[in-house]
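[1] Below are the sequence and a predicted model for it; my questions follow.
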Amino acid sequence: MKLKRLIVIAALMLSLVGQGAFAASKGLEHYFKKPQYAGFQISPNGEEMAALVPVEGRMNIVIIDLETNQPRIVTGETSQDVNGFMWASNERLLYFMDKDGSESFGIFAVNADGSKWRMLVEPAALRIANGAAVIRFNQVIDRLKDDPEHVLVSSNQRRAEFPDVYRLNIFNGRKRMVQRNTGNVQGWFVDYDSEIVGAGYSDDLYQGFMMLNKETGEFEELTRARYDEHSFAPVGIKGNGDQGWVSSYITPDGKPRDKAAIYEYNFKTRKFGELVFEHPRVDVTNVITSNKSRDIIGVNYIVGEPETVYVDPKWKAVMAGINAALPETKNQITSTDEDETIGVVAAFSSTQPVKYYMYDFAGNTMKFLAESRPWVEPGEMAEIRSVEFEASDGLLLQGYLTLPPGSDGKNLPTVVHPHGGPWARDGWGYNPAIQFLASRGYAVLQVNFRGSTGFGMEHWLASKKQWGQKMQSDVTEALNWAVEQGYSDPDRVCIYGGSYGGYATMAGLTFTPDLYKCGINYVGVTDIPLLFKTAPDSWAAGINQMKELVGDPKEDREFLEQWSPTNHADKIKAPVFMAYGEKDPRVHIDHAKIMEKELKKHGVEYELMIKEDEGHGYAKQENQYDFYGRMESFLAEHLNP
C-alpha cells in the first residue's frame, strides 16, 4: 500500500518555547540543549496531543488542540525536568519527577486546560538507612479507561522490594490497596479490561510467573526456574486473556534454546502454539499489541539497528507506506488515539534526531508535526555503524564505530566507550554525546561485551564473575580490533564510561594501564564490596542473583577486592577525570571519595566533579554543560586531536 501523499505542515510554532534562532556555532549547546519537542502523546479521544517542551531550561508539558493547532503550556516546573507523562483520561494528565536524582518518583496531575494541578504522591529526597539508599516508587500500571477518576499504581511503600497495587484517585491523591503482595511479586500484569491477571516474582535465585485462574480467583504458577536456567515469560495477551504470547528460551518440546523467541501460548491449557518470530543472532523479547483489536501487531528486535517485523496485515501495509515515504529513517508509530484513527510517527536515524509526523489511518495520509532538534543538520553528523568481531575465546561480539565527519577514518584519536548496566546493551540512534565526541575529531568505539543483554543466554552467562576480567578483555580486544583495522591510533586512546562503564574505565586504567592516555569515570563503581554494602533496599529481591553473577561480598571478598580499582590505584599511569552525583542512590558517593583518596595517595593526576543536586547521572542542563565542557578540555589536553 502506497502512502497517498506527504503533507508538510508546520503545526507547532517554534516561538512556543521561547528559543531564539540557532547560531552557526557548534558549541556544547548544539549537542546538549534540550530538544525542542519530545514524546508526543495523543489523548484517548484523539482531540488533543501533549508533548514535552523546554521552558526556561526545564522540560514541561504542552497541550495542542488538534482542531485549532493552538498550544498551551500546562506545567511550570522550574527546578528540574518533567521526567515523563501520560494521559490518565481525556481531561487529565499525570506526570512524574523525582527529587534531584533520588529515583523515588512522585506523581503529579493537571487538567489538559492547565487547571486543578495537584501533587498526588510526593517525590522523596534521597534517604540513607543502614548505609543504603531507600527508594520508594509509585508506577502507573493501568489508566483504568472506564474510570476517569482513578489509575492503578504499583507501589513499594509497604515492602521495599515487593510492591502492592493501589487504586489512586487522580484528583485528590487518595489511594486504596486492591492487590496485596503476600509473596515475592516484583511486577504485575494487567489485561485489556484493567484486571490484574499475572505476576512475575523473584524467589532468591529463582524467577517465575503466576497467572490468575479466573474460575477460582487464585494465582497459579505458570513457570519457575533458576535465573540462569532456560525458561519463558509472558509478554502479551490476546482477546480475553486465555491466550497470548511468551518470550521463550525453550522450545515447545522443552529443549533449551540460546536465543529467546516469540511463541503463541495458551495460558489455560499451558501449551505452546506456533512460533511467531525468532532471530539467529539475538533474543526476541518484545511484542507490539493493539488495544483496539486485542491482538498482536508485530515484534521488535535489535542486532545493529532496531527492527520491527509486522505480522498484522493492516499494520504491515500501513508501515510499508510510511517507510516508503520516509526511506532514510527508522519509523515507528509511538502513540495512537483509543480507536486507532490517528497516530504519531517518530522517524529517526543515527544522524537524524527524532522527527514527528501525524498519520491518518482512514485517509492514509501523513503531516509533519515537529523536529526534536531542528538545529541539527543530518549531513553534518557522523554515522554510527554496527560492527562485529570475535573475542579471543571465539565469542562473537557486536558494537558500534563512529568516525568523525570529514575524516579519512584512519589512525584517529579514539574514545573507547563501554556501556553501563552491565546487564544492558548499547543501541543505535541519534546520540548527542557520541556526535559531540565525533565532532571534536574522535573516533568512538562501543562494544556489547559479554554480559550485555539481548545476545542470548551464553553471551549473558559468560559474564559470571568476570568484572575486570573477560568482560574487560572484550573491551580491550575491541580496541585491538579497531587498531588492527587502521581506525585507531594506539597512542591516542581514552576510555570513558558511566555506571558499570565507569567501573570499566577504572578497570581499564588499572589492569591495562599502558592502553590509555586518559580516563573519564562518570558515576562509576570503584569498590565492588561497597556496591553491595550500599545497594538500595529495593534491590534486595535480586541481590543473591547479583552475588552469583558478580561475587559474594562475604564469601568472595578477597576476589572482589582483587578486581576493585580502589585497590590498584598504584598501577594507574594516565590522568583521570571523575564525575559523580552527591545524591546517587545506586553508586554511593563514597565510590568517588575512596577512589580520590587512593589517587592522591599514589600521586595520580586526577580531577573530581561532584554535583550536589544530581543522582546517578546528570539530568539538569547546566550540569550537563559543565560536565561535557570539562570533558572536551580534558580530552583535548591528553589526546591532542
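    Here it is on my side, so go on.

[2] which stretches of the stretch 1-150 of the chain have low pLDDT?
    1-25 (pLDDT under 70).

[3] which residue ranges form the helices in it?
    28-32 (DSSP state H, counting those that start in this stretch).

[4] So residue 477 belongs to a helix, correct?
    Yes: membership of residue 477 in a helix is supported by DSSP: H, G, I helix; E, B strand; the rest coil.

[5] What sits closest to it if chain neighbours are left out?
    residue 391 (5.5 Å; C-beta to C-beta, 6 or more residues apart in numbering). Heads up, the C-betas are built off the backbone N, CA and C, glycines and all.

[6] quick one: contacts for the one you found?
    Residue 391 sits next to 397, 450, 470, 473-474, 477 when contact means C-beta atoms under 8 Å, 6 or more residues apart in numbering.

[7] same thing but 6 Å
    Shown in contact with residue 391 (C-beta atoms under 6 Å, 6 or more residues apart in numbering): 397, 474, 477.

[8] gap between it and residue 468?
    Plainly put, residue 391 is 16 Å away from residue 468 if you go by C-beta to C-beta, to the nearest Å.

[9] Name the single longest helix found in this structure.
    helix 621-639 (DSSP state H).

[10] can you pull up the bridge partners for residue 202?
    Per DSSP bridges, the residues bridged to residue 202 are residue 207.

[11] wait, it sits on residue 539?
    No: using C-beta atoms under 6 Å as the test, residue 202 is too far from residue 539 to be in contact (10.7 Å).

[12] between these two, which one's more packed in?
    Shown here are residue 202 and residue 539; by other C-beta atoms under 10 Å, residue 202 has more neighbours (21 against 17).

[13] Walking through this protein, point out its helices one by one.
    28-32, 313-325, 432-439, 457-461, 470-484, 500-511, 528-533, 543-550, 557-562, 590-601, 621-639.

[14] Could I get the pLDDT score of the spatially most central residue of the chain?
    Residue closest to the average C-alpha location in the chain (C-alpha atoms, centre = their mean): residue 424, at 8.6 Å. We have a pLDDT of 97 for residue 424.

[15] That one: what's its closest spatial neighbour, skipping adjacent residues?
    Closest to residue 424 by C-beta to C-beta, 6+ apart is residue 453, at 6.0 Å.

[16] same thing with residue 86?
    Spatial nearest neighbour of residue 86, chain neighbours left out: residue 94 (5.4 Å); criterion: C-beta to C-beta, 6+ apart.

[17] Just grab the bridge partners of the one you found for me.
    In beta-bridge terms (that is, DSSP bridges), residue 94 pairs with residue 86, residue 109.

[18] Could I get the contacting residues of it?
    86, 88, 107, 109.

[19] Can you name the residues that contact the last one?
    Residue 109 is in contact with 92, 94, 118, 120, 170, counting by C-beta under 6 Å, 6+ apart.

[20] residues near the first one, how many?
    The reference is to residue 92. Around residue 92 there are 21 residues (other C-beta under 10 Å).

[21] related to what we said a few turns ago, for the longest helix of the chain, which helices and strands make contact with it?
    Counting contacts by 3 or more C-beta pairs under 6 Å, 6 or more residues apart in numbering; DSSP states H and E, helix 621-639 packs against helix 28-32, strand 488-498.

[22] want to throw these into JSON lines with distance to residue 344 and mean neighbour count?
    Formatted as JSON lines, the helices and strands packed on helix 621-639 follow (distance: least, C-beta to C-beta, whole Å; neighbours: other C-beta atoms under 10 Å):
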{"stretch": "helix 28-32", "distance to residue 344": "25", "mean neighbour count": "18"}
{"stretch": "strand 488-498", "distance to residue 344": "30", "mean neighbour count": "23"}
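
[23] Out of those, flag the one nearest residue 330.
    Proximity to residue 330, assessed across those by C-beta to C-beta, is greatest for helix 28-32 (20.7 Å).

[24] before we move on, the earlier item: buried ones among the contacts of residue 391?
    Using 16 or more other C-beta atoms under 10 Å as the burial test, those include 397, 474, 477 as buried.

[25] Looking at those, spot the one nearest residue 365.
    Using C-beta to C-beta, residue 397 comes nearest to residue 365 of the buried ones among the contacts of residue 391, at 43.7 Å.

[26] can you list the domain ranges for the protein.
    83-191+193-229, 382-527+564-636 (automatic domain parsing).

[27] Out of the contacts of residue 391, flag the one nearest to residue 304.
    Closest approach to residue 304 among the contacts of residue 391 (C-beta to C-beta): residue 397, at 12.3 Å.

[28] okay, the closest one: pLDDT?
    Confidence score, pLDDT, at residue 397: 98.

[29] Contacts only, for it.
    Contacts of residue 397 by C-beta under 6 Å, 6+ apart are 389, 391, 447, 474.

[30] Repeat the analysis, applying 10 Å as the threshold.
    387-391, 447-450, 452, 455, 459, 474-475, 477-478, 481 (C-beta atoms under 10 Å, 6 or more residues apart in numbering).

[31] what is in contact with residue 202 and residue 539 at once?
    Both residue 202 and residue 539 are contacted by residue 161, under the criterion C-beta under 10 Å, 6+ apart.

[32] Count the neighbours of residue 125 for me.
    Residue 125 has 11 neighbours, counted by other C-beta under 10 Å.

[33] just the one 3 residues further on next, same as before
    Summarising burial for residue 128: neighbours were counted as other C-beta under 10 Å, giving 13.

[34] Test my guess that it contacts residue 534.
    Yes: between residue 128 and residue 534 there is a contact under C-beta atoms under 10 Å: 8.3 Å.

[35] Skipping adjacent residues, who's closest to residue 388 in space?
    Per C-beta to C-beta, 6+ apart, closest to residue 388 is residue 398, 5.1 Å.

[36] Correction: the previous question concerned residue 499.
    That would be residue 420: by C-beta to C-beta, 6+ apart, it lies 3.3 Å from residue 499.

[37] Residue 106: what's it in contact with?
    83, 95-99, 119-124, 136-138.

[38] need the helix or strand of the protein with the lowest average pLDDT.
    Counting by mean pLDDT, DSSP states H and E, the weakest-scoring helix or strand in the chain turns out to be strand 5-7, with a mean of 31.

[39] And the nearest residue in space to residue 615 that is not next to it in sequence, how far from residue 184?
    Leaving aside its sequence neighbours, residue 615 sits nearest to residue 101 (C-beta to C-beta, 6+ apart; 1.9 Å). Using C-beta to C-beta, residue 101 is found at 28 Å from residue 184.

[40] Those two: which is more packed in?
    residue 101 (24 against 18).

[41] how near is the more buried one to residue 509?
    26 Å.

[42] before we move on, what about residue 531?
    18 Å.

[43] With residue 571 instead?
    Counting by C-beta to C-beta, the gap from residue 571 to residue 509 is 8 Å.
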